[in-house]
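Student: Sequence and computational prediction follow.
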Amino acid sequence: MSESNRAAKLEIDGKTYELPIFSPTVGPDVVDIRKLYGTAGVFTYDPGFTSTASCDSTITFIDGDKGELLHRGYPIDQLAEKSHFLEVCYLLLYGELPSPAELEDFESRVTNHTMLHEQMVYFFRGFRRDAHPMAIMVGVVGAMSAFYHDSTDISDEWQREVASIRLIAKMPTIAAWAYKYSIGQPVVYPRNDLDYASNFLRMCFAVPAEDYEVNPILSRAMDRIFTLHADHEQNASTSTVRLASSSGANPFACIAAGIACLWGPAHGGANQACLEMLREIGTPDRIPEFIARAKDKDDPFRLMGFGHRVYKNFDPRAKVMKQSADEVLELLGVENNPTLQVAKELEKQALADDYFTDKKLFPNVDFYSGIILEAMGFPTSMFTPIFAVSRTIGWISQWKEMISDPQMKIGRPRQLYQGETLRDYVDIENR
Ligand code: SDX
């Protein structure tokens, strides 16, 4: 970060403190408060970190007002149209688009790490068959540190690289095996002659009893969904990974923490919750009832797939996802999918309602993704695992950026304490 030649002045009880201001390459300036407690004896207060930059990063930029998302400077709509997921993985991880040789080498390294240690099959069998695939993913990914000891030393650059490739490569296998286990089917091993998305589809839907041909329409849609979910600045699960990593924990444990955070319905679990909401609405005539509930302060119901902490305009990923939903469902001959019709009418009615437009609540990445995934044959329980497969590259890239920073220190927020002041213990006979 460059030296600052500007400062903010903060006056507290008649004393003025100067706080350096740093400017980004694009986006809001930041006020550096690192010395504030040491000089002024006060904390800043920002639950939910709505006004806090937790780090400096060069990976992803979001302009919430414009509805813009850049990965290493490249806009998401161009990447979704012109690139493919493993190339986007390379871009996020190493900072530049690869040359043909670099891409071939990277894809080969990922392809040749897609298998799991055979002992892990028994790990899956420890779960109940009706376990949610996210519960299995949290457990299995955390357990990877028990199977891949030779890539857990984060001070070793080579081990960091191996752990990164292993996680990118094995996450689809883990997600697919979690799905197969939950439906009582035998796991399907990855194939090195298939691309990343095709391999994942085959591991999910192939059965030993017959050959499985990957539908190129589904494979392209799957790859695009992976691309659209790859990284998103300092969202809740990425911040979880960064905080876990700041203690020096191994990469597998940190990614497992990110998976656990992503599972929540306010975050990555929203795609499952959104499709379940659309199914509950069922028909367009019930939409006004649900919009009224979403607006009712006394009703905890919210429109799943709507709103965003950062985007106060359309989520650019939602636009691409909506276009993809139209294309995929038409190509699959299910363009009259009732869930898609409800979603489009719900979006239309919500965006005609001042409540949503005044609060700048627009469809986010989770609003249309579930419709495509359902049309592809996935159960709703697999929606968030698919998000986790994709977001692994974002978590890994942000993790790598952080632990490579010599200035890195353990994350340790403070608090506004509102509890009891010092008091003496009272023996039970005196209470
Ligand atoms: C993801 O951070 C990321 O980048 C996340 C993500 C990523 O790629 O990593 O983009 C992925 O998590 C997308 C978001 C998925 N979540 C959902 O779709 C769940 C539904 N959305 C809401 O829960 C909510 O919009 C959040 C959690 C996404 C954002 O919440 P904020 O920014 O904290 O907004 P808020 O809760 O302060 O709400 C502001 C106002 C409130 O009303 P008032 O108190 O001002 O009167 O808007 C209302 C809220 O009640 N509101 C909604 C709403 N979202 C916010 N009202 C109805 N329906 C909604 N969906």
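Tutor: Looks like it came in fine.
Student: Only C-alpha atoms from now on, for both contacts and neighbour counts.
Tutor: Will do.
Student: how about the helices in the stretch 201-350 of the chain?
Tutor: Counting by DSSP state H, counting those that start in this stretch, the segments of the stretch 201-350 of the chain that form helices are 216-228, 236-245, 251-262, 270-281, 287-295, 316-331, 338-350.
Student: go on, the stretch 1-150 of the chain?
Tutor: Using DSSP H, counting those that start in this stretch, helices in the stretch 1-150 of the chain cover 36-40, 76-82, 85-94, 100-111, 120-124, 133-147.
Student: weakest of those in terms of mean pLDDT?
Tutor: The minimum mean pLDDT among these belongs to helix 120-124 (a mean of 92).
Student: Residue numbers of this structure in contact with the ligand?
Tutor: Remark: the part of the chain in contact with the ligand comprises 232, 235-236, 266-268, 270, 294-295, 302-309, 359, 364, 366, using Cα under 6 Å from any ligand atom.
Student: Would you show me how to pick out the buried ones of those residues in ChimeraX?
Tutor: Applied in ChimeraX, the following selects the buried portion of the residues of the chain next to the ligand according to 16 or more other Cα atoms under 10 Å:
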select :232,236,266,267,268,270,294,302,303,304,305,306,307,308,364,366
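Student: now the helices of the stretch 1-150 of the chain in TSV, with mean neighbour count and distance to residue 380?
Tutor: As requested, the helices of the stretch 1-150 of the chain are exported to TSV (neighbours: other Cα atoms under 10 Å; distance: least, Cα to Cα, whole Å):
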stretch	mean neighbour count	distance to residue 380
helix 36-40	12	47
helix 76-82	15	23
helix 85-94	22	22
helix 100-111	15	27
helix 120-124	14	20
helix 133-147	20	10
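Student: Just tell me which of those ends up closest to residue 379.
Tutor: Nearest to residue 379 among the helices of the stretch 1-150 of the chain is helix 133-147 (10.6 Å), distances taken as Cα to Cα.
Student: and the closest one, what does it pack onto?
Tutor: When contacts are defined as 3 or more Cα pairs under 8 Å, 6 or more residues apart in numbering; DSSP states H and E, helix 133-147 packs onto helix 120-124, helix 157-182, helix 251-262, helix 383-403.
Student: among the ones you listed, which is nearest residue 279?
Tutor: helix 383-403 (14.9 Å).
Student: List the residues that contact the nearest residue in space to residue 248 that is not next to it in sequence.
Tutor: On the basis of Cα to Cα, 6 or more residues apart in numbering, the spatially nearest residue to residue 248 that is not a chain neighbour turns out to be residue 154, at 7.2 Å. The neighbourhood of residue 154, defined by Cα atoms under 8 Å, 6 or more residues apart in numbering, consists of 160, 248, 250-251, 403.
Student: I'd say residue 244 and residue 261 touch.
Tutor: No - the pair residue 244 and residue 261 fails to qualify as a contact (Cα atoms under 8 Å) at a distance of 11.6 Å.
Student: Now do residue 328 against residue 379, distance only.
Tutor: Here the distance between residue 328 and residue 379 works out to 17 Å (Cα to Cα, to the nearest Å).
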